[in-house]
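J.: task: produce atomic coordinates for the following.
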Amino acid sequence: MSSTVTIGTDQRAQIKEIVCDILEIEAADVTDTSLFKENHGADSLGAIEILSSLERTFDIEIDQAELTRMVNLDGVVAVVEEGLAK
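T.: Model (predicted):
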């Protein structure tokens, strides 16, 4: 049975740093709901790099099917929370 895990402020900042580093965008330009592809020009390779980095950083497994949900910071945080809850 899965429990609920809530990402703290430090972990959320860490996730944002990973995303910004991989997509080569300024943290100030990224909001919780700004879309990586549409607002920041991210490509699918960047999304896969983000997924891989999150798996290493948080020692979790993320199914590649989750990439469809990882379109903004809120989506990425939700996927990481679910991965940590497993």
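J.: skipping its backbone neighbours, what lies nearest Thr4 in space?
T.: Of all residues not flanking Thr4 in the chain, Ala85 sits nearest, at 6.1 Å (Cβ to Cβ, 6 or more residues apart in numbering). Any C-beta I mention is one placed from the backbone N, CA and C, and that applies to glycine too.
J.: next one: that neighbour from Val77, what distance?
T.: 13 Å (Cβ to Cβ, to the nearest Å).
J.: quick one: contacts for the residue nearest the centre of the chain?
T.: Centroid-nearest residue in the chain, with Cα atoms, centre = their mean: Val76, separated by 3.1 Å. Shown in contact with Val76 (Cβ atoms under 8 Å, 6 or more residues apart in numbering): 15, 19, 50, 54, 70.
J.: phi and psi next, for it.
T.: Per-residue torsions, Val76: phi -60, psi -40 (degrees, to the nearest 10).
J.: let the chain start at 773 from now.
T.: Okay, using 773 as the starting number, the last item reads as Val848.
J.: need the nearest residue in space to Ala850, chain neighbours excluded.
T.: Nearest non-adjacent residue to Ala850, counting by Cβ to Cβ, 6+ apart: Arg841, 6.8 Å away.
J.: what pLDDT is listed against that neighbour?
T.: Among the per-residue scores, Arg841 holds a pLDDT of 97.
J.: what is the burial count for it?
T.: 14 (other Cβ atoms under 10 Å).
J.: mind listing what's buried in stretch 809-824?
T.: For stretch 809-824, the neighbour count (16 or more other Cβ atoms under 10 Å) marks 812, 814, 818-819, 821-823 as buried.
J.: mind putting the contacts of Val848 into a markdown table with secondary structure and distance to Thr776?
T.: A markdown table is the format used below for the contacts of Val848 (DSSP: H, G, I helix; E, B strand; the rest coil; distance: Cβ to Cβ, whole Å):
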| residue | secondary structure | distance to Thr776 |
| --- | --- | --- |
| Ile787 | helix | 17 |
| Val791 | helix | 23 |
| Ile822 | helix | 23 |
| Leu826 | helix | 18 |
| Met842 | coil | 19 |
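J.: ok, of those residues, which one's closest to Gln836?
T.: Met842 (10.0 Å; Cβ to Cβ).
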